[in-house]
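Colleague: one predicted model, sequence on top.
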Amino acid sequence: MVVLSQSALEHFSVIKTYKPSSCVFSEIPVIDIKNPEAKSHIVKACEEYGFFKLINHDVPLEFMASLEAQAVKFFNLSQSEKDKAGPPDPYGYGSKRIGPNGDVGWIEYLLLNTNPEINCQKTLAVFKDSPQIFRSAVEKYITEVKKMAYEVLELAADGLRIEPRNVLSKLIRDEKSDSCFRLNHYPPCPELQTLSGRNLIGFGEHTDPQIISVLRSNNTSGLQICLRDDTWVSVPPDHSSFFLFVGDALQVLTNGRFQSVKHRVLADTMKSRISMIYFGGPPLNEKIAPLPSLVSKEEDCLYKEFTWCEYKYSAYKSKLADFRLGQFEKN
Ligand code: GA4
């Protein structure tokens, strides 16, 4: 008989469970960034799914492996050590609680600003003798992933035939860009499967507020995306590729031509899932509105103009699953 600890039971009562969905996303768009047709493939994938897998990139695999090793090292520390890097306000270590409004999941994480000077000290202090190794692994990885994200946004602009080709990438390239980075650990959860045959939610359904998100995970499954017909499909993991997500701000900039994708992560019953995600956001004072070249007549403009700061503020007042763009739509 499986005996659940009291604390596990308490968590299961608040964290949502789902009947396992066996549907694997077999048509996942796979884009070779070096293919001469990549620009049109990216546009098609962003229009149809708001999501794609990117292969043949130049991010060294050893950068992914070293950062994953650092993440494992951190998450293997005792709870009291990890707690010293918390709470996430919004940066720092968090466990089970996601955001400030009562969302919870079977997860622990480190949320960092991509500018290491911001809010990183309490995290680095936990690495005691080797904070520089962690910091350098994060920096090397982020530098390469950012370069790749710029390239993807430039290819997207080419594919959309908008000019200049850096009209999107400059927003996340700006030195004041408000981008962040998260290391997630979804511990395995064998008890729940045995008890009820259901899956436990690791990170609940949501869209990312930023422009673009770049995810890399180890080879443990769990990521699901929601298709336009509202069905959820599982994305097979691939530790040497990246998965890219259109965020809400890119939906607005493209006047809804690209759509941000709802996604979630389910905890695995047997294996730990480790993921690292770069969220490319614009500077806080940047005005976000549909690009004029993507709006033929003024009446076709779907969104009101807002600053990234206003959007972020409203996101932090919302629950994870809320439809955050609703209040910025024109009627
Ligand atoms: C979702 C995307 C990123 O992980 C994140 C998340 C943030 C958080 O975990 O602090 C939010 C969530 C995310 C959207 C709505 C708000 C803010 C939790 C939450 C309930 C770091 C982000 O930028 O927005």
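Modeller: Sure thing, it's come through. Residues are numbered from 1 along each chain as shown.
Colleague: could you pull out the helices for the stretch 151-300 of the chain?
Modeller: Ranges of helices within the stretch 151-300 of the chain are 169-173, 190-196, 248-253, based on DSSP state H, counting those that start in this stretch.
Colleague: list the helices and strands the shortest one packs on?
Modeller: Which is helix 169-173. Judged by 3 or more Cβ pairs under 8 Å, 6 or more residues apart in numbering; DSSP states H and E, the packing partners of helix 169-173 are helix 131-160. C-beta: built from backbone N, CA, C; applies to glycine.
Colleague: swap the cut-off to 10 Å and go again
Modeller: helix 131-160, strand 212-217, helix 248-253, strand 273-280 (3 or more Cβ pairs under 10 Å, 6 or more residues apart in numbering; DSSP states H and E).
Colleague: pull out the buried residues from the first one.
Modeller: Translated: helix 131-160. Buried residues in helix 131-160, defined by neighbour count with 16 or more other Cβ atoms under 10 Å: 134-135, 137-138, 140-142, 144-146, 148-160.
Colleague: that helix versus strand 212-217: what angle between them?
Modeller: 130 degrees (axes from the mean of the first three to the mean of the last three Cα atoms, to 10 degrees).
Colleague: what separates helix 131-160 from the chain centre, distance-wise?
Modeller: 14 Å (Cα atoms, centre = their mean, to the nearest Å).
Colleague: ditto for the third one
Modeller: Put simply, helix 248-253 sits 15 Å off its chain's centre (Cα atoms, centre = their mean).
Colleague: just the C-alphas of stretch 217-232, formatted as CSV.
Modeller: This file holds the C-alpha atoms of stretch 217-232, laid out as CSV (Å, rounded to 0.1, in the frame of the first residue of the first chain):
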residue,chain,number,x,y,z
SER,A,217,14.6,20.9,-20.8
ASN,A,218,16.2,17.6,-19.9
ASN,A,219,14.8,14.5,-21.5
THR,A,220,11.8,14.2,-19.2
SER,A,221,8.3,14.8,-20.7
GLY,A,222,5.7,17.0,-19.2
LEU,A,223,5.3,20.0,-21.5
GLN,A,224,1.8,20.3,-23.1
ILE,A,225,0.5,23.0,-25.4
CYS,A,226,-3.1,23.9,-26.2
LEU,A,227,-4.0,23.8,-29.9
ARG,A,228,-6.4,26.2,-31.6
ASP,A,229,-9.2,23.7,-31.2
ASP,A,230,-8.6,23.7,-27.5
THR,A,231,-7.1,20.2,-27.3
TRP,A,232,-4.0,19.7,-25.1
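Colleague: that stretch close to the ligand?
Modeller: No. Applying Cβ under 6 Å from any ligand atom, one finds stretch 217-232 separated from the ligand by no less than 13.2 Å.
Colleague: just give me the neighbour total for Ala125.
Modeller: 11 (other Cβ atoms under 10 Å).
Colleague: next one: the closest residue to Pro187 other than its chain neighbours from Asn218, what distance?
Modeller: The shortest distance from Pro187 to any residue other than its chain neighbours is 5.9 Å, reached at Ser272 (Cβ to Cβ, 6 or more residues apart in numbering). To Asn218, Ser272 is 8 Å away according to Cβ to Cβ, to the nearest Å.
Colleague: for Phe51, same thing?
Modeller: Relative to Asn218, Phe51 is positioned 19 Å away (Cβ to Cβ).
Colleague: and the two? Which one has more around it.
Modeller: The neighbour count for Phe51 versus Asn218, taken as other Cβ under 10 Å, is higher for Phe51 (26 against 17).
Colleague: per-residue pLDDT, the closest residue to that one other than its chain neighbours?
Modeller: Spatial nearest neighbour of Phe51, excluding adjacent residues (Cβ to Cβ, 6+ apart): Val261 at 4.5 Å. Per-residue pLDDT puts Val261 at 98.
Colleague: list the contacts for Val261?
Modeller: Neighbour list for Val261: 46, 49-52, 207-208, 213, 225-228, 244-247, 251 [criterion: Cβ atoms under 10 Å, 6 or more residues apart in numbering].
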